[in-house]
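*Asks:* Fold the following, please.
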Amino acid sequence: MPVILRTIEEIDAWLRAPWDEAKEMQKPSPDADLIDLTPSNDNEEAQTCLF
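*Replies:* Have a look, this model is predicted:
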């Protein structure tokens with residue numbers, strides 16, 4: 001599971017803490033922190049040709 005380190009304290013803990021402490025940082029992100037970057041098809045018709 002990936003770890004997203006957001007603060008200097010989290011980075012320091014991940015790099016220096018014993019594994020028993022650091023592994024607790026591996027947890028799912030809250031849904032409110034996730035952003036959907038899926039492109040929308042709203043502009044599909046507006047761009048018919050690039051050249």
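*Asks:* residue ranges with poor pLDDT in this structure?
*Replies:* 42-49 (pLDDT under 70).
*Asks:* ok, longest helix in it?
*Replies:* As assigned by DSSP state H, the longest helix anywhere in the chain is helix 8-16.
*Asks:* who touches the helix or strand that that helix is followed by?
*Replies:* The helix or strand immediately downstream of helix 8-16 is helix 19-22, counting by DSSP states H and E. Contact with helix 19-22 is made by 13-14, as judged by Cβ atoms under 8 Å, 6 or more residues apart in numbering. The C-beta positions use only the backbone N, C-alpha and C, and glycine is treated the same way.
*Asks:* Check the gap between residue 50 and residue 41 for me.
*Replies:* Separation of residue 50 from residue 41 (Cβ to Cβ, to the nearest Å): 17 Å.
*Asks:* more crowded one of the two?
*Replies:* Between residue 50 and residue 41, counting by other Cβ atoms under 10 Å, residue 41 is the more crowded of the two (7 against 4).
*Asks:* which ones are touching the more buried one?
*Replies:* Residue 41 touches nothing, counting by Cβ under 8 Å, 6+ apart.
*Asks:* likewise residue 9?
*Replies:* By Cβ under 8 Å, 6+ apart, the contact list for residue 9 is empty.
*Asks:* State the distance from it to residue 31.
*Replies:* Using Cβ to Cβ, we find residue 9 at a distance of 24 Å from residue 31.
*Asks:* re earlier: how about the longest helix of the chain: buried residues?
*Replies:* By neighbour count with 16 or more other Cβ atoms under 10 Å, helix 8-16 contains the buried residues residue 13.
*Asks:* mind checking how far that helix is from the chain centre?
*Replies:* 17 Å (Cα atoms, centre = their mean, to the nearest Å).
*Asks:* Over to stretch 12-19?
*Replies:* That offset, for stretch 12-19, works out to 20 Å (Cα atoms, centre = their mean).
*Asks:* Before I go, just wanted to say thanks for your time.
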